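In: sequence below, structure please.
(one chain, ligands or ions: 1)
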Amino acid sequence: MERLREGAEKLTAPSSGDMPPEEFRRYAHETADWIAGFLARVDDVPVYPEVEAGDLIRQLPVDAPTSAEPMDEILRDFRELVFPGLTHWNHPAFFGYFAISASGPGILAEMLAAALNVNAMVWRSSPAATELEGVATAWLRRMLGLPQDFEGVINDTASSSSLYALAAARERTYPKAHDEGLFGQPIGRVYGSDQAHSSIEKAVLTLGLGRGGYRAITSDAEFRMDPVALRAAIEEDRQAGVRPVAIVATLGTTSTASIDPIAEIAEIAAAEDVWLHVDAAYGGPVAVLPEMAGYFSGWETADSIVVNPHKWLFTPIDCSVLYCRRPQDLVKAFSIVPEYLSSREGDGERSLMDYGVSLGRRFRSLKLWFVLRYFGRTGIESRLREHLELAALFANWVEEADEWSLEAPVHLGTIAYRFAPGWADSAVQDALNLRIAELVNASGQAFLTHTSVGGRIVLRLSIGNLRTTHKHVAGAWALLRQAAVEATAGLA
Ligand SMILES: *Cc1c(COP(=O)(O)O)cnc(C)c1O
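Out: Numbers count the residues shown, from 1 in each chain. Down below sits the predicted model:
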C-alpha cells in the first residue's frame, strides 16, 4: 500500500489526462453553435471549393506540434484552412455522385457515439449497442417490406457489405475452401450487369476469384440486366465446368440509376440454385413507398441485400446495412473465435464480429435509430417523394429543352442527361458536356458529376439531400443552360 502511494507521487504532474471537463463544456457549446450556424447557412457556402491540389498541405506544418496547442487555434485552423477546402456534401446544391444528407438527429447521434466510444464486437463488449443494431435494422427491414428471416448487420460501406455477402456465397459454393483455400478448385463466377458497381468486381478480386471470376452481363437499352443473357451465360459457364457463385442484381445503378428486373433474375437464381445478392445501396430506401413496390417485387427472395442509410436515408456516413436471409452463412464464412474473445455471457445474443472482417465496430446503429425515430415512417416517405418529384421535374425540363436529351428513364432521384446539339458530332458533344460540368462546378453554386454510358459522356444530377428544394434544382438547370451557352460560344 505504502509503495503504491509512493509510485503515485512519482507520476507526472496533473497536466496529463484528457481535456478538463469545464474546457470540454465550453468548446462543445461553441462547436454545437458552429454546426447549427453551418447548417442554417450552408446555402451561402460554395458547394465546391476554389482550390488547387496541395493547397492545404502547403499551409500545414510538416511535423505534429511538440507542445500542446490551444483549442481556439485548432478550431480557428479548422474554420480557416480546412473548411474552405471541402466539397460540401451536406449542401442543398450538391448533386454529384449520389446526393446524401447528414440530418440533425443523425449528427446528434454521432456526437453521442463518439463520446461513448463503445465497441460492440461481442455482446458483452457493449450489450445495448449489439442489441440496438438488431432493433434498428429490424425496424428498417419492416419498413422496406422484407420478410422476417432477413437479419441485418451494419457495416461501414456497401463495398464491405457486398464483399461479405459474396464471401458467404463463395463459402456455400466452395465448402472446402474454408480449410484449404481455393487452390486447385474449379473456376467460380459472379454475374452482374455491365452497369453494376465496381465494388462487386473488387469483392470478386478480394475473394481470390480473380478478374475472370466476374462476368458482366449485357444490359438493355434502359441499362437493365438482360435476364436472357444472364441465363445463357450461366448455361455456357456450367458447360465449361465453371461454378456459378452468385448473381448480383442492382436496384439503382450508379451511372443512370436503372433498376434490374429483379423478379426475373430471382427466378433464374432459384432455378439455378445460385446465391442472389441485391445491391440496393442507393435505391433501397424508396422501397418504403408503396407506389415503388413494383421495382422491388422479387427482392424478398434474395439471399442477401445491401441498403445504405448513409446514401438516401438521411444518416451521416458511414452506415450500410447488410441483410442476410441465413445469417449463419455469413457467420460460417467469418467466425474464428480466439479464447480472449470467447463469450460466456449473453448466450443467444450474436457477436457482431462474426459477420465480417473487422473486429472493432462503431456504434452506428445509434444514428440510424435516431433518424428513424425523428422523422418517422411518414416523414421519411414524404421526403423521398419530394426528391422523386424534383427529379421528375428536372427530367421534364431536359426533355422539353432544345439540344438537351434525357439519356435514361428516370425512376429514382438521379437523372442522366446530355447536351446534344445537332450540329456537333458525338466527340464534340462529349467535350462540351465535360466543359459544362466544369463551368457549373467552378461557379460554386451547384456541384454535379458525369459518367460514361454506351461510350458517351453523360451528365448526372442526383437529388437526395434533405435541404434541397425546387429553388436549388431550378438553379442548377439555369446554371447548366448558361454553361452550355458559354461552352458553345463561337462554335456553332
Ligand atoms: C454507392 C454504391 C456502392 C458503394 O457504396 P459505398 O458504401 O461507398 O461502398 C455500391 N453499389 C451501389 C449501387 C452504389 O450506389
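In: going forward, measure contacts between C-alpha atoms and count neighbours the same way
Out: Fine.
In: endpoint to endpoint, stretch 96-113 covers what distance?
Out: By Cα to Cα, to the nearest Å, the extent of stretch 96-113 from end to end equals 28 Å.
In: check whether that stretch comes near the ligand.
Out: No. Figure legend: stretch 96-113 not in contact with the ligand (Cα under 6 Å from any ligand atom); closest approach 7.0 Å.
In: what residues of that stretch count as buried?
Out: 96-110, 113 (16 or more other Cα atoms under 10 Å).
In: who touches it?
Out: 89-90, 254, 282, 310-317, 362-364, 366-368, 370-371, 374, 414, 447-449, 460-466 (Cα atoms under 8 Å, 6 or more residues apart in numbering).
In: distance from the chain centre to stretch 106-126, please.
Out: 20 Å (Cα atoms, centre = their mean, to the nearest Å).
In: I meant stretch 434-445, not that one.
Out: So, by Cα atoms, centre = their mean, the centroid of stretch 434-445 is 24 Å from its chain's centroid.
In: ok, now stretch 86-99?
Out: 14 Å.
In: so for Ser342, what's the pLDDT?
Out: On the pLDDT scale, Ser342 is placed at 66.
In: what separates the closest residue to Asp149 other than its chain neighbours from the ligand, distance-wise?
Out: Leaving aside its sequence neighbours, Asp149 sits nearest to Arg325 (Cα to Cα, 6 or more residues apart in numbering; 5.4 Å). For Arg325, the distance to the ligand equals 19 Å [Cα to the nearest ligand atom, to the nearest Å].
In: Arg325: how many residues sit nearby?
Out: 20 (other Cα atoms under 10 Å).
In: and the one 10 residues further on, by the same measure?
Out: Ser335 has 16 neighbours, counted by other Cα under 10 Å.
In: before we move on, what about Ala442?
Out: Ala442 has 16 nearby residues by other Cα under 10 Å.
In: does Arg326 touch Gln148 like I think?
Out: No. Using Cα atoms under 8 Å, Arg326 is not in contact with Gln148; the gap is 10.8 Å.
In: which positions in the chain make contact with the ligand?
Out: Counting by Cα under 6 Å from any ligand atom, the chain sits next to the ligand at 157-159, 197, 199, 252-254, 279-282.
In: tell me which of those fall in strands.
Out: Counting by DSSP state E, the residues of the chain next to the ligand place Asp279 in strands.
In: out of the residues of the chain next to the ligand, which are buried?
Out: Judged by 16+ other Cα under 10 Å, buried ones among these: 157-159, 197, 252-254, 279-282.
In: save those as JSON lines, and put in pLDDT too.
Out: Shown next, in JSON lines, are those (pLDDT from 0 to 100):
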{"residue": "Thr157", "pLDDT": "98"}
{"residue": "Ala158", "pLDDT": "98"}
{"residue": "Ser159", "pLDDT": "98"}
{"residue": "His197", "pLDDT": "97"}
{"residue": "Gly252", "pLDDT": "98"}
{"residue": "Thr253", "pLDDT": "98"}
{"residue": "Thr254", "pLDDT": "97"}
{"residue": "Asp279", "pLDDT": "98"}
{"residue": "Ala280", "pLDDT": "98"}
{"residue": "Ala281", "pLDDT": "98"}
{"residue": "Tyr282", "pLDDT": "98"}
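In: and Ala281, what are its phi and psi?
Out: Here the main-chain torsion angles of Ala281 (degrees, to the nearest 10) amount to phi -50, psi -40.
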